[in-house]
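# I'll drop the sequence and a predicted model, then ask my questions.
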Amino acid sequence: MEISKEEIKKLVIERIKTMPATMKVSLGNSGEFNKEQLIEEVKQESGIGDKIIEVHLSYLRSLSK
Amino acid sequence: MELFITRPEHDDATYYLSCYAKELIELAESKGITVFDLNKERATAKETSKFLDKKNPTLAMFNGHGDKNTIRGHKNEVLIKSGENEKLLENKIVYCRSCNSAAELGKNSIRTGTTAFIGYDDLFGFPFNPQKAANPQQDEFAKPCLETSNQVTKSLLKGNTAGEAYDNSQTTADKWIEKMQNTNAPPEAPHIALWLTWNKLHQKIHGNKQAKP
């Protein structure tokens, strides 16, 4: 069964929501992002948002190995 | 062995990398290794060219921003550009703690004589606590990713080969990931393990793995 992009976005957003309020992420040249900003990027499917999705999916795949 | 190192500090990310690199400078100096430290506004193309060309250090570590074709310094000035001046890396073991530089530049630099190139072929990311930004070494969110990435240079300074340095950093990542996935890990642990896993996956080595600086 294939998971839709919308479902993947929802999953990643739910995961980001569990980030501590005091945490930011440094993403190289793209700058630093708090959880609200990360969620917004994922929602908008921006370049950063798509990269964040890739990072989360890559981590989830590593857990299944 | 001589260590050439760039440490721009013009934003939070570069300040964190620079602070963590201090430990490496101290380790090098404790071993009697000469260090050419281009800190803050000294991390320019002109200074980089001068030190790499004239002093010819055997180990070069770049801290800062980058992309697949460039390594950048103070205020993102281009220090090394693929197809332009990567020859400056000739006969050196290079470790580039920046985004993407192992993707093209690192690979291409082997063809122009770089002994070995360790870097990242995608984003290098790390979580941090802005409330601790004045003292990055006290930031428990950032520590695992930055200690893991420090391990490459630390191993090289201790006399390991480029391949061993890469393997040591990968093993350090595994240890931190395991720690972050322990049932006693703090609530922020999954968000740290996320970036440890990503950086580990995208850390690459090109060139001669048997070489020592």
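Received, thanks.
# What is the burial count for A:Ile8?
Look at A:Ile8: counted by other CB atoms under 10 Å in any protein chain shown, it has 15 neighbours. C-beta: built from backbone N, CA, C; applies to glycine.
# Name the helix or strand for it, please.
Using DSSP states H and E, A:Ile8 falls within helix A:5-17.
# What is that helix packed up against?
helix A:35-44, helix A:47-63 (3 or more CB pairs under 8 Å, 6 or more residues apart in numbering or on different chains; DSSP states H and E).
# Near chain A, which residues of chain B are found?
B:12-13, B:16, B:65-67, B:76, B:98-100, B:123-131, B:141, B:187-188, B:190-191, B:193-195, B:197-198, B:201 (CB under 8 Å from any CB of the partner chain).
# repeat that with 7 Å
Residues of chain B that fall close to chain A, judged by CB under 7 Å from any CB of the partner chain: B:12-13, B:65, B:67, B:99, B:123-131, B:141, B:187-188, B:191, B:194, B:197-198, B:201.
# Just the ones of those residues in strands?
The strands, defined by DSSP state E, take in B:67, B:126-128 from the residues of chain B next to chain A.
# now that we have these, which one has the most neighbours?
Neighbour-wise, these (other CB under 10 Å) top out at B:Phe126, 28 neighbours.
# quick one: contacts for it?
Neighbour list for B:Phe126: A:26, B:142, B:145-146, B:195 [criterion: CB atoms under 7 Å, 6 or more residues apart in numbering or on different chains].
# how does it look with 10 Å?
Contact partners of B:Phe126, counting by CB atoms under 10 Å, 6 or more residues apart in numbering or on different chains, are A:24-28, A:32, B:13, B:16-17, B:20, B:139, B:141-146, B:148-149, B:192, B:195-196, B:198-199.
# Of these, just the buried ones, PyMOL syntax please.
Listed next is the PyMOL selection for buried residues among the contacts of B:Phe126, using 16 or more other CB atoms under 10 Å in any protein chain shown:
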select buried, (chain A and resi 24+25+26+27+28+32) or (chain B and resi 13+16+17+20+139+141+142+143+144+145+146+148+149+192+195+196+198+199)
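# Name the nearest residue to B:Asn168, ignoring sequence neighbours.
Closest residue to B:Asn168 apart from its sequence neighbours, by CB to CB, 6 or more residues apart in numbering or on different chains: B:Ser155 at 4.4 Å.
# same question, B:Ala165
B:Ser155 (3.7 Å).
# Pick out the residue closest to the middle of chain B.
Residue closest to the average C-alpha location in chain B (CA atoms, centre = their mean): B:Arg97, at 2.8 Å.
# again with chain A
So for chain A, CA atoms, centre = their mean, it's A:Ile52, sitting 3.7 Å from the centre.
# Distance of that residue relative to A:Leu38?
6 Å (CB to CB, to the nearest Å).
# what residues do those two have in common as contacts?
In contact with both A:Ile52 and A:Leu38: A:12-13, A:15-16, A:25, A:27, using CB under 10 Å, 6+ apart.
# Could you pull up the residues touching A:Ser62?
Neighbours of A:Ser62 in contact, by CB under 10 Å, 6+ apart: B:177, B:193-194, B:196-198, B:200-201.
# Helices - which of these land there?
When the contacts of A:Ser62 are checked against helices (DSSP state H), the matches are B:177, B:193-194, B:196-198, B:200-201.
# Could you identify the most distant pair in these?
B:Ala193 and B:Leu201 (12.3 Å; CB to CB).
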